[in-house]
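Asks: Quick one, what's the 3D model for this:
(one chain, ligands or ions: 2)
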Amino acid sequence: MMTFPQLVLASHNAGKLKELQAMLGDSVQLRSIGEFSNVEPEETGLSFVENAILKARNAARISGLPALADDSGLAVDFLGGAPGIYSARYADGKGDAANNAKLLDALKEVPQEQRGAQFVCVLALVRHADDPLPILCEGLWHGRILTAASGEQGFGYDPLFWVPERDCSSAELSPAEKNQLSHRARAMAILRQRLALK
Ligand SMILES: O=c1nc[nH]c2c1ncn2[C@H]1C[C@H](O)[C@@H](COP(=O)(O)OP(=O)(O)OP(=O)(O)O)O1
Ligand SMILES: [Mg+2]
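Replies: Residues are numbered from 1 along each chain as shown. Ligands and ions are numbered 1, 2, ... in the order given. Down below sits the predicted model:
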(Lines give C-alpha, C1' and ligand atoms only; values in the text may rest on other atoms or scores of the structure.)
(Ligands and ions follow the chains in the order given, each with its own letter.)
Protein backbone atom coordinates (compact mmCIF):
# COMPACT_ATOMS: atom_id res chain seq x y z
CA MET A 1 0.00 0.00 0.00
CA MET A 2 1.18 3.48 -0.85
CA THR A 3 0.63 6.21 1.67
CA PHE A 4 0.99 9.91 1.07
CA PRO A 5 0.51 11.85 4.30
CA GLN A 6 1.11 14.98 2.22
CA LEU A 7 0.46 15.57 -1.43
CA VAL A 8 0.82 18.80 -3.29
CA LEU A 9 -2.17 19.56 -5.50
CA ALA A 10 -0.88 20.87 -8.82
CA SER A 11 -3.77 23.27 -9.27
CA HIS A 12 -4.50 26.95 -8.81
CA ASN A 13 -8.24 26.25 -8.83
CA ALA A 14 -9.72 26.60 -5.32
CA GLY A 15 -12.86 24.68 -6.33
CA LYS A 16 -10.83 21.61 -7.24
CA LEU A 17 -8.83 21.77 -3.99
CA LYS A 18 -12.01 21.89 -1.93
CA GLU A 19 -13.63 19.00 -3.74
CA LEU A 20 -10.56 16.77 -3.83
CA GLN A 21 -9.72 17.37 -0.17
CA ALA A 22 -13.31 16.54 0.81
CA MET A 23 -13.13 13.30 -1.16
CA LEU A 24 -9.77 12.29 0.30
CA GLY A 25 -10.75 13.00 3.89
CA ASP A 26 -8.25 13.13 6.71
CA SER A 27 -5.93 10.41 5.49
CA VAL A 28 -4.13 12.72 3.08
CA GLN A 29 -3.35 16.40 3.50
CA LEU A 30 -3.52 18.23 0.18
CA ARG A 31 -1.32 21.28 -0.01
CA SER A 32 -1.90 23.79 -2.75
CA ILE A 33 0.90 24.48 -5.23
CA GLY A 34 0.02 28.13 -4.58
CA GLU A 35 2.00 27.82 -1.31
CA PHE A 36 5.12 27.28 -3.40
CA SER A 37 4.62 29.26 -6.61
CA ASN A 38 2.14 31.54 -8.33
CA VAL A 39 3.38 30.69 -11.79
CA GLU A 40 0.97 28.45 -13.70
CA PRO A 41 2.59 26.06 -16.17
CA GLU A 42 1.51 26.36 -19.79
CA GLU A 43 -0.85 23.50 -20.60
CA THR A 44 0.75 22.51 -23.90
CA GLY A 45 -0.52 18.91 -24.08
CA LEU A 46 -3.06 17.70 -26.61
CA SER A 47 -4.91 15.53 -24.13
CA PHE A 48 -6.19 15.64 -20.56
CA VAL A 49 -3.64 12.94 -19.72
CA GLU A 50 -0.69 14.90 -21.07
CA ASN A 51 -1.74 18.09 -19.31
CA ALA A 52 -2.35 16.29 -16.02
CA ILE A 53 1.10 14.69 -16.13
CA LEU A 54 2.72 17.98 -17.11
CA LYS A 55 1.08 19.82 -14.19
CA ALA A 56 1.91 17.04 -11.71
CA ARG A 57 5.58 16.92 -12.71
CA ASN A 58 5.86 20.69 -12.52
CA ALA A 59 4.36 20.78 -9.01
CA ALA A 60 6.57 17.92 -7.78
CA ARG A 61 9.61 19.71 -9.13
CA ILE A 62 8.70 23.01 -7.47
CA SER A 63 7.60 21.57 -4.11
CA GLY A 64 9.78 18.50 -3.67
CA LEU A 65 6.62 16.62 -2.68
CA PRO A 66 4.63 13.91 -4.42
CA ALA A 67 2.05 15.66 -6.56
CA LEU A 68 -1.53 15.16 -7.69
CA ALA A 69 -2.87 17.01 -10.73
CA ASP A 70 -6.40 17.30 -12.07
CA ASP A 71 -6.92 18.15 -15.71
CA SER A 72 -10.57 18.43 -16.52
CA GLY A 73 -13.02 20.04 -18.88
CA LEU A 74 -16.33 19.92 -20.64
CA ALA A 75 -16.79 18.07 -23.94
CA VAL A 76 -19.95 19.15 -25.76
CA ASP A 77 -21.33 16.73 -28.37
CA PHE A 78 -22.75 19.42 -30.69
CA LEU A 79 -19.34 21.13 -30.72
CA GLY A 80 -17.45 17.94 -31.59
CA GLY A 81 -16.06 17.65 -28.06
CA ALA A 82 -15.07 21.32 -27.66
CA PRO A 83 -14.09 23.11 -25.53
CA GLY A 84 -12.49 19.93 -24.09
CA ILE A 85 -8.91 20.48 -22.96
CA TYR A 86 -9.39 24.15 -23.80
CA SER A 87 -12.35 24.58 -21.42
CA ALA A 88 -10.56 26.97 -19.05
CA ARG A 89 -9.33 29.04 -22.02
CA TYR A 90 -12.56 28.89 -24.07
CA ALA A 91 -13.21 32.65 -23.85
CA ASP A 92 -9.50 33.53 -24.10
CA GLY A 93 -8.78 33.55 -20.37
CA LYS A 94 -11.62 35.91 -19.44
CA GLY A 95 -12.88 33.53 -16.76
CA ASP A 96 -15.84 31.33 -15.89
CA ALA A 97 -18.62 33.85 -16.61
CA ALA A 98 -17.25 34.61 -20.08
CA ASN A 99 -16.74 30.89 -20.78
CA ASN A 100 -20.34 30.16 -19.83
CA ALA A 101 -21.69 33.05 -21.92
CA LYS A 102 -19.70 31.86 -24.95
CA LEU A 103 -21.01 28.30 -24.53
CA LEU A 104 -24.63 29.45 -24.26
CA ASP A 105 -24.14 31.47 -27.41
CA ALA A 106 -22.55 28.56 -29.29
CA LEU A 107 -25.60 26.40 -28.46
CA LYS A 108 -28.24 29.05 -29.10
CA GLU A 109 -31.32 27.43 -30.71
CA VAL A 110 -29.79 23.93 -30.43
CA PRO A 111 -32.60 21.61 -29.30
CA GLN A 112 -32.54 19.62 -26.03
CA GLU A 113 -31.70 16.28 -27.56
CA GLN A 114 -28.58 17.69 -29.23
CA ARG A 115 -27.22 19.35 -26.07
CA GLY A 116 -25.46 16.29 -24.63
CA ALA A 117 -22.10 16.85 -22.90
CA GLN A 118 -19.58 15.13 -20.67
CA PHE A 119 -17.41 16.48 -17.94
CA VAL A 120 -14.01 14.78 -18.09
CA CYS A 121 -11.47 14.50 -15.29
CA VAL A 122 -8.01 12.95 -15.39
CA LEU A 123 -6.08 12.70 -12.16
CA ALA A 124 -2.32 12.13 -12.35
CA LEU A 125 -0.20 11.30 -9.35
CA VAL A 126 3.59 11.36 -9.51
CA ARG A 127 5.80 10.28 -6.64
CA HIS A 128 8.51 12.68 -7.81
CA ALA A 129 9.13 15.01 -10.74
CA ASP A 130 10.70 12.35 -12.99
CA ASP A 131 8.40 9.47 -11.96
CA PRO A 132 8.44 7.02 -14.91
CA LEU A 133 5.07 5.52 -13.93
CA PRO A 134 2.49 8.18 -13.06
CA ILE A 135 -0.80 6.84 -11.69
CA LEU A 136 -3.60 7.93 -14.07
CA CYS A 137 -7.32 7.76 -13.31
CA GLU A 138 -10.18 9.11 -15.38
CA GLY A 139 -13.80 9.89 -14.72
CA LEU A 140 -16.68 11.01 -16.96
CA TRP A 141 -20.00 12.60 -16.07
CA HIS A 142 -22.76 12.63 -18.68
CA GLY A 143 -25.30 15.41 -18.79
CA ARG A 144 -26.70 18.20 -20.95
CA ILE A 145 -26.06 21.88 -21.41
CA LEU A 146 -28.92 24.00 -20.08
CA THR A 147 -30.28 27.02 -21.97
CA ALA A 148 -29.65 29.37 -19.02
CA ALA A 149 -27.41 29.36 -15.95
CA SER A 150 -28.86 28.04 -12.72
CA GLY A 151 -27.44 27.57 -9.21
CA GLU A 152 -24.68 29.08 -7.10
CA GLN A 153 -22.62 26.09 -5.89
CA GLY A 154 -19.49 24.66 -7.46
CA PHE A 155 -17.41 26.48 -10.06
CA GLY A 156 -16.70 26.70 -13.77
CA TYR A 157 -19.44 25.35 -16.01
CA ASP A 158 -21.53 23.94 -13.13
CA PRO A 159 -24.45 26.40 -13.61
CA LEU A 160 -24.89 25.18 -17.21
CA PHE A 161 -24.54 21.43 -16.64
CA TRP A 162 -27.80 19.56 -16.22
CA VAL A 163 -27.44 16.42 -14.09
CA PRO A 164 -29.85 13.68 -15.23
CA GLU A 165 -29.55 11.77 -11.93
CA ARG A 166 -30.98 14.74 -10.02
CA ASP A 167 -32.80 16.81 -12.66
CA CYS A 168 -31.00 20.00 -11.69
CA SER A 169 -27.78 21.80 -12.58
CA SER A 170 -24.54 20.71 -10.95
CA ALA A 171 -24.42 24.18 -9.35
CA GLU A 172 -27.69 23.32 -7.57
CA LEU A 173 -26.25 20.18 -5.98
CA SER A 174 -24.89 20.34 -2.46
CA PRO A 175 -21.08 19.95 -2.38
CA ALA A 176 -21.53 16.49 -0.83
CA GLU A 177 -23.84 15.38 -3.64
CA LYS A 178 -21.61 16.72 -6.38
CA ASN A 179 -18.70 14.89 -4.76
CA GLN A 180 -20.55 11.60 -5.09
CA LEU A 181 -21.62 11.98 -8.71
CA SER A 182 -19.04 14.04 -10.55
CA HIS A 183 -16.35 13.15 -13.06
CA ARG A 184 -13.84 14.12 -10.36
CA ALA A 185 -15.53 11.80 -7.85
CA ARG A 186 -15.34 8.91 -10.31
CA ALA A 187 -11.67 9.50 -11.03
CA MET A 188 -10.97 9.84 -7.30
CA ALA A 189 -12.78 6.58 -6.51
CA ILE A 190 -10.35 4.81 -8.85
CA LEU A 191 -7.36 6.61 -7.35
CA ARG A 192 -8.43 5.60 -3.85
CA GLN A 193 -8.56 1.97 -4.92
CA ARG A 194 -5.15 2.24 -6.54
CA LEU A 195 -3.73 3.71 -3.33
CA ALA A 196 -5.71 1.22 -1.21
CA LEU A 197 -7.26 4.06 0.78
CA LYS A 198 -10.43 2.97 2.52
O1 LIG B 1 -16.47 20.09 -11.69
C2 LIG B 1 -16.48 21.01 -12.53
N3 LIG B 1 -17.51 21.89 -12.58
C4 LIG B 1 -17.52 22.89 -13.45
N5 LIG B 1 -16.53 23.17 -14.33
C6 LIG B 1 -15.49 22.31 -14.31
C7 LIG B 1 -15.42 21.20 -13.44
N8 LIG B 1 -14.27 20.56 -13.66
C9 LIG B 1 -13.66 21.20 -14.63
N10 LIG B 1 -14.38 22.28 -15.01
C11 LIG B 1 -14.01 23.30 -16.00
C12 LIG B 1 -13.41 24.50 -15.32
C13 LIG B 1 -12.35 24.93 -16.29
O14 LIG B 1 -12.94 25.73 -17.30
C15 LIG B 1 -11.90 23.62 -16.94
C16 LIG B 1 -10.75 22.97 -16.18
O17 LIG B 1 -9.53 23.46 -16.70
P18 LIG B 1 -8.17 22.99 -16.00
O19 LIG B 1 -7.05 23.53 -16.79
O20 LIG B 1 -8.22 21.51 -15.74
O21 LIG B 1 -8.25 23.67 -14.57
P22 LIG B 1 -7.93 25.16 -14.10
O23 LIG B 1 -7.18 25.89 -15.18
O24 LIG B 1 -9.16 25.76 -13.59
O25 LIG B 1 -6.97 24.92 -12.86
P26 LIG B 1 -5.53 24.13 -12.88
O27 LIG B 1 -5.16 23.89 -14.32
O28 LIG B 1 -4.59 25.03 -12.18
O29 LIG B 1 -5.79 22.86 -12.14
O30 LIG B 1 -13.02 22.75 -16.86
MG1 LIG C 1 -5.60 24.93 -16.14
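Asks: Okay, E40 and ligand 1: tell me how far apart.
Replies: 6 Å (CB to the nearest ligand atom, to the nearest Å). (Each C-beta comes from the backbone N, C-alpha and C, glycine too.)
Asks: again, but for K108
Replies: Relative to ligand 1, K108 is positioned 20 Å away (criterion: CB to the nearest ligand atom).
Asks: Can you tell me the SS state at that residue?
Replies: Under DSSP: H, G, I helix; E, B strand; the rest coil, K108 falls in the coil class.
Asks: same question, the one 10 residues further on
Replies: Following three-state DSSP, Q118 is assigned to strand.
Asks: How many neighbouring residues does it have?
Replies: By the criterion of other CB atoms under 10 Å, Q118 has 18 neighbours.
Asks: I'd say I190 and G139 touch.
Replies: Yes - the pair I190 / G139 is scored as a contact, 7.2 Å apart, by CB atoms under 8 Å.
Asks: for the longest helix along the chain, packing partners?
Replies: Ranked by number of residues, the top helix in the chain under DSSP state H is helix 48-63. Where contact means 3 or more CB pairs under 8 Å, 6 or more residues apart in numbering; DSSP states H and E, helix 48-63 is packed against strand 6-9, strand 67-76, strand 116-126, strand 135-145.
Asks: With neighbour numbers in mind, choose between I190 and G139.
Replies: G139 (21 against 15).
Asks: OK, contacts around that one?
Replies: G139 is in contact with 120-121, 123, 182-190, counting by CB atoms under 8 Å, 6 or more residues apart in numbering.
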